[in-house]
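> please find the sequence and the predicted model below.
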Amino acid sequence: MGHLDHATFGWLTPALSYVMASIGAALGLRCTVRALGATGRSRRNWLVTAASAIGTGIWTMHFVAMLGFGVSGTEIRYNVPLTILSLLTAMIVVCAGVFAVGYGRDRARALLLGGLTTGLGVASMHYLGMAAVRLHGDVTYDPALVALSVVIAVVAATAALWAALNIKSPVAVTVASLVMGGAVSSMHYTAMWAVRVEVSPSGAVLPGATAMQFIFPLAVGLGSYLFLTSAFVALSPTAGEREASASAQRPVGNAAAP
C-alpha cells in the first residue's frame, strides 16, 4: 500500500485551501443577503453570483488541497474532462440550493431541501474530482469515512444556507464564513482519510494532466475571480444605501405659504 501524504508542501496547501473556502463562503453570504433585499432580475443576479462564489470557493478549496496530495511510488495525474465536470457540478448544485432558499416560500422546507441537495452535490463534486485521479495502482475507500464525509457536507451546506437566511451583519457574516470554511475543509480531509491506495509500480506513462499543468492555473484563475468579485460586492451599494441616496436627491417640496 502506498503512503499517502496530504500536505507535501507542509501547511501551505491546507491553510490556503481553508482561506479560499472561507472567502467563497463570505462572498456567497454577502451576495445572498443582498439578494434577499432585492426583487426581480436583481435578486436573480445576486443569487447567481452567490452560487458561483460558494461553488468556486468549494471547488478551489478541494483542488488547492489536492496540490498537496501525494502517494509514494507513483506520480499523479488528472483526467481533464472529469475535473471540469466536478467544477460544473459544484456550481449547479450550489445554485439549486441558493435559489431554493432565495425563492422558497416555506423557509424551513426550502432550507432542508436546499441543504440536502447542496450537501450531496458537494460530496459528488469531491468524489468526481477523486475519480479524475490517475495513478499507478488501485484506489479504494473506507465506507464509514465516506459516509461521515457526506454527513459533514450536508450539515455544512445546511448551516451555510441557514446563515444566508438569518445572518445580516458584516461581523456575523465573517464569523460564519470562517466556521463554514472549516466545515468544508473538514469534509475534504475526512473524505481524503477514507482513501486507500494499492500501488502497482509501472513505467507506463499516465494519461491526463499534472496538477501544475492544469489544476494550479485553473485554481489561480478561479481564486482571482473570487477576489475581484469580492471587491465588486464590497464597493457596490446596499439596498439601504441606494434608498438613502435616492432620498437625498429628491427635491424638497415648497414650504407652505404663511
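Great, that's in hand. The structure presented is a predicted model; accordingly, all values stated were derived computationally and were not measured.
> next one: stretch 170-187 to chain centre, how far?
Here stretch 170-187 is found 11 Å from its chain centre; the criterion is Cα atoms, centre = their mean, to the nearest Å.
> just the mean pLDDT for that stretch, thanks.
In this model, stretch 170-187 carries a mean pLDDT of 85.
> can you list the buried residues in that stretch?
Residues 173-174, 176-181, 183-187 are the ones in stretch 170-187 that count as buried (16 or more other Cβ atoms under 10 Å). To be clear about C-beta, it is placed using only N, CA and C from the backbone, and glycine gets the same treatment.
> over to stretch 69-77?
The neighbour-count check on stretch 69-77 (16+ other Cβ under 10 Å) flags 69-71, 74, 76-77 as buried.
> also stretch 11-25?
For stretch 11-25, the neighbour count (16+ other Cβ under 10 Å) marks 13-14, 16-25 as buried.
> re earlier: of the buried residues of stretch 170-187, closest to Arg134?
Relative to Arg134, the closest of the buried residues of stretch 170-187 is Met187; by Cβ to Cβ it sits at 23.3 Å.
> please identify which helix or strand holds the residue lying closest to that closest one once chain neighbours are set aside.
For Met187, ignoring the flanking residues on the chain, the nearest one in space by Cβ to Cβ, 6 or more residues apart in numbering is Ile152 at 4.3 Å. In this structure, Ile152 is located in helix 143-166 according to DSSP states H and E.
> returning to what we had before: just the ones in helices from the buried residues of stretch 11-25, please.
Judged by DSSP state H, helices contain the following of the buried residues of stretch 11-25: 13-14, 16-25.
> which among those residues gets closest to Phe227?
Closest to Phe227 out of these is Ile23 (7.5 Å), distances taken as Cβ to Cβ.
> what residues are up against the closest one?
By Cβ atoms under 8 Å, 6 or more residues apart in numbering, the contact list for Ile23 reads 57, 177, 181, 226-227, 230.
> which one of these is nearest to Leu36?
Of all those, Leu36 sits closest to Ser177, with 16.8 Å by Cβ to Cβ.
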